[in-house]
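Q: Everything below, folded, please.
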Amino acid sequence: MKKLLGLVRDFWHAGGTGGLNWHVHAYSARRQWLATMSEIERFLQHVEPNAKELVLIGASAGWMMPPSWLARFERIDAYDIDPLAAPLFSWRHGQALRAQGIALQVHRQDALASLPELLQRHPHACLWFDNLLGQHRYRVRDEVQAEQEIMALKQQLQGRSWGSVHDLYSGPTQDMAWAHRITPLTRAGVDAGQLNSQQAQALLQDVGAKDVWSDHLTSQVFASGTPTTLIPWPFKDHHCHWLQAGWVQDFKL
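A: Okay, here's the model as predicted:
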């Protein structure tokens with residue numbers, strides 16, 4: 001019975017980072033997310049990957065993954081712990097990628113836990129963490145450990161080209177009026193890790209934040225000096241996430 005309950009929980013929320021609950025919400029909210037997705041695509045258009053292989057970590061179904069970004073590679077290896085990620089990612093992106101001659105392999109694996117192994121397995125690939133790192137504190141359930149592991153990534157990834165889009169802050173909002181002006185709110189060129197309390201407060205004011213917001217412990221994902229873009233995400237009615245996107249071009253063959 002315990003094993004069965006574990007399988008049901010895994011299928012439903014995949015350790016709190018996916019599962020059927022997430023996919024149903026993502027499918028129903030996909031129109032509401034269009035502006036945010038466009039801003040993510042705009043950010044990635046300015047990234048020039050210097051590798052033909054991509055390791056996509058936290059792929060899920062690729063709900064917010066721009067097809068134009070995926071089409072820039074010759075091979076993609078996507079990793080996720082969610083048992084539904086492989087069939088849904090293949091359903092959403094697989095046919096189009098294969099029609100363009102792009103090799104796609106979707107793996108069910110905890111890529112963060114096995115990152116050193118993945119780096120050895122894909123020595124010439126760049127990496128993209130797809131809306132994953134902001135969920136790490138909820139998987140680990142130890143804030144100190146989660147923050148330390150997130151901060152350690154930039155050392156683990158030295159010498160590799162990599163990037164991430166992830167939750168920075170999230171919480172309730174007074175209304176949804178801000179969701180219709182997402183593009184002007186995008187903050188380009190923000191020095192990662194250098195948001196002071198006044199700047200953070202300005203972000204909250206931009207989206208009409210109220211009550212208590214969550215810090216996803218991701219302000220130190222990138223080294224200081226890395227330019228990043230902050231993008232608001234209308235996750236659901238009266239609830240916003242501020243996403244941070246950044247890219248590190250440091251690949252050495």
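Q: Measure how buried Tyr27 is and give me the count.
A: 12 (other Cβ atoms under 10 Å). Heads up, the C-betas are built off the backbone N, CA and C, glycines and all.
Q: do the same with Gln249
A: When neighbours are counted by other Cβ under 10 Å, Gln249 registers 13.
Q: got a list of what it touches?
A: Shown in contact with Gln249 (Cβ atoms under 8 Å, 6 or more residues apart in numbering): 48, 50, 161.
Q: got it, and Lys236?
A: 25, 29, 32.
Q: so what's the second one closest to, chain neighbours aside?
A: It refers to Ala29. In this structure, Ala29 finds its nearest non-sequential neighbour in Lys236, 6.5 Å apart by Cβ to Cβ, 6 or more residues apart in numbering.
Q: Identify the bridge partners of that neighbour.
A: Beta-bridge partners of Lys236, counted by DSSP bridges, are His239.
Q: Check what pLDDT it gets.
A: With respect to pLDDT, Lys236 scores 92.
Q: and if you look at Met176?
A: For Met176, the model assigns a pLDDT of 84.
Q: Show me where the protein has its strands.
A: Using DSSP state E, the strands of the chain run over 53-57, 75-80, 103-108, 125-130, 162-172, 187-191, 214-215, 227-236, 239-248.
Q: now the ones you listed in CSV, with distance to Ala152?
A: Listed next are the strands of the chain as CSV, based on distance: least, Cβ to Cβ, whole Å:
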stretch, distance to Ala152
strand 53-57, 15
strand 75-80, 18
strand 103-108, 23
strand 125-130, 14
strand 162-172, 14
strand 187-191, 20
strand 214-215, 18
strand 227-236, 18
strand 239-248, 15
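Q: Out of the ones you listed, flag the one nearest Gly19.
A: Gly19 lies closest, by Cβ to Cβ, to one member of these: strand 75-80, at 10.6 Å.
Q: got the angle for that closest one vs strand 125-130?
A: Calculated by axes from the mean of the first three to the mean of the last three Cα atoms, to 10 degrees, strand 75-80 forms an angle of 40 degrees with strand 125-130.
Q: Show me the shaky parts of the stretch 51-200 of the chain.
A: Residue ranges of the stretch 51-200 of the chain with pLDDT under 70: 183-185, 187.
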